Structure formats: C-alpha cells, structure tokens
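J.: Got a predicted structure here, sequence first:
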Amino acid sequence: MSTIKEITTEDEWRSHVAALPSSTLLIISFHAPWAAPCGQMATVLKTLATEYPANGETSWVSINAEELSDISETYDVTAVPYLVLQRNDQVLEAVSGSSAVKVRTAIETHTKNINGASASTNGVSASITGAEGVEKPADGEVEAETDPVKAKEELFKRLGELVKAAPVMLFMKGTPSAPQCGFSRQLVALLRERSVKYGFFNILADDEVRQGLKEYADWPTFPQLWVDGDLVGGLDIIKEELDNDPDFLKAHIVAKEGIAVA
Ligand SMILES: N[C@@H](CCC(=O)N[C@@H](CS)C(=O)NCC(=O)O)C(=O)O
C-alpha cells in the first residue's frame, strides 16, 4: 500500500526525485489549502494510491503550489488541483482540475505502459465535485440523464459546491490571464490591484454552469463574484461595494495573486 508524501522544501523535492529509479512513475499532486476541490482530490488520490503500490513502480507526492512556487512554476501550474505524471524526468501527462475519472485514467494509462496491464484490480467510485465536474455514482448518473428534475438537482448541487470552491470565487468569461470579455477583464484588474486571492471558473468552458448559474444565482450575467458561498454581484456591484467600503475584500488579501481553482 502506498502513501502520499507531502514535500515541504525544495531540498526534499530534489532528493526525492534524485532517489527515484528511472522506471518509477512519479505522481505529483499540486494543491492549495484554501481550495475545497483539493481536499476532495486528496481523498481520491489516497484511494488510488492504495491501488497502485509504491513498490518501485509508483511514487506519490503532494506539493503546496503556493508554498513551493518555484516547483509549481517549473510545471506551469496556474490552477489547482493539478496532477503531473512523470517518469525519468519526463512529464507524461498533466491533469488540471478535479475530475476523478481523468486522474484515474491517466494513472491507469501510464502504469499500463510499463506493466503491460493495469495495476488496478477494482474500480473506485470516488465521488468528487469541482470546477471540472461532478463524478456521479453510475445510478445517479442514469437517473439524472433521464429525469430533468434530478438533472437540475444534480446541477444545483454541483453549483452549490462550486461557488464555495474558494473563499472568493470569480465566475468569468475566459481566464484571468486571458479574459474573453471587458467586464470580466475589469473585475480581474480590480482584484489584482487589491491583491485579492481568488479562485476562478471559466464559464465559457462549460455551458451547463454558464446557464445554470444564472438561475441558481438569480443573476443573468457574468462576471459574478461569490464570497464565502454568497453572491456579491457583477462588476458594477463590486465597484460600488469598493467605493462604499474599500476594505470589503480585505480578509482575502494576500501578498501575491492566488492560484486558481481549475
Ligand atoms: N453590468 C454587468 C455587465 C456584465 C454583462 O452584461 N455581461 C454579459 C455580457 S459579457 C453576460 O454575461 N451575458 C450573459 C451571457 O453571456 O451568458 C456587470 O456589472 O457585471
């Protein structure tokens, strides 16, 4: 049974990598303590790690992407959770976001490559929620597909978790580095100017979230800024709030811009 080692210093990272046999698949999980999907991903990875033992074939490490920013920069980590699979210093695959299915598939694929067969013997039905989607148990999935009421319930459950994925969540068009709409661009600039740490979700990448959130929030447009699971508003409201109380996002200010929730 394998365990996931938390790497806390760069020295520890270097010696861990240096000690690995060239055939070992290194599975690196980047996380941030404030991003809720990372907690769910940690549970998924813990389960997977018991299936893919550290017998020289796999090695599991976990890294705080903000604390060890030099390492995250090396791997271009701009969002968490973020999983990297590498062997012999070569990155084989990276999975951004909290899809348990994608993570399992990636690990199965790259263990298969050396073993000829997957190390996995049984399926884990990890149920997680995150920006990339809710992995539902098969029964619920079938029911939700056929029953619009169930489907909406599932979507709203997902949205309920998504709006709390980080203490400050920005639902925007595009990403902070490439906003796809002027309103989103302006809101990113306001948050950046104030060094507010926030998670973001690109609603252009998921029409279900784009349309569903309008109804869930009872708010017809984007950007939407959510703080501690409550909708504050769009660009105009945030501007107004900051005019009234320039400190209203103070609790969320950090030394530098945070890493996003993917
Ligand atoms: N005055 C709004 C401007 C936002 C806005 O009008 N957004 C539009 C255009 S980007 C929108 O999201 N429309 C709905 C959609 O595209 O789904 C605010 O304060 O946020």
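T.: Arrived safely. Numbers count the residues shown, from 1 in each chain.

J.: any low-confidence regions in the stretch 1-150 of the chain?
T.: Residue ranges of the stretch 1-150 of the chain with pLDDT under 70: 1-2, 53-56, 112-145.

J.: for the single nearest residue of the chain relative to the ligand, what are its contacts?
T.: Taking CB to the nearest ligand atom as the measure, the point where the chain comes nearest the ligand is G234, at 2.5 Å. All C-beta atoms are positioned from the backbone trio N, CA, C, and that covers glycine. By CB atoms under 8 Å, 6 or more residues apart in numbering, the contact list for G234 reads F183, L187, W219, T221, F222, P223, Q224, L225.

J.: at 7 Å instead, please
T.: G234 is in contact with F183, W219, T221, P223, Q224, counting by CB atoms under 7 Å, 6 or more residues apart in numbering.

J.: any idea which helix or strand carries the first one?
T.: Spelled out, that is F183. helix 182-193 (DSSP states H and E).

J.: cool, F156 as well?
T.: F156 belongs to helix 148-162, assigned by DSSP H and E.

J.: same question, F171
T.: Per DSSP H and E: strand 168-172 holds F171.

J.: model confidence over that strand, on average?
T.: The predicted model gives strand 168-172 an average pLDDT of 92.

J.: what's it in contact with?
T.: Under CB under 7 Å, 6+ apart, the answer for strand 168-172 is 163, 179, 184, 187-188, 191, 196-203, 213, 222-227, 249, 252.

J.: Neighbouring strands - and their directions - for it?
T.: Partners of strand 168-172 in the sheet, by DSSP bridges, are strand 199-202 (parallel), strand 224-227 (antiparallel).

J.: Quick one: name the residues of the stretch 51-200 of the chain near the ligand.
T.: Residues of the stretch 51-200 of the chain found near the ligand (CB under 6 Å from any ligand atom) are K173, C181, F183.

J.: can these go into CSV with extra columns for neighbour count and distance to R14?
T.: Supplementary listing: these in CSV, determined by neighbours: other CB atoms under 10 Å; distance: CB to CB, whole Å:
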residue, neighbour count, distance to R14
K173, 20, 40
C181, 17, 42
F183, 16, 44
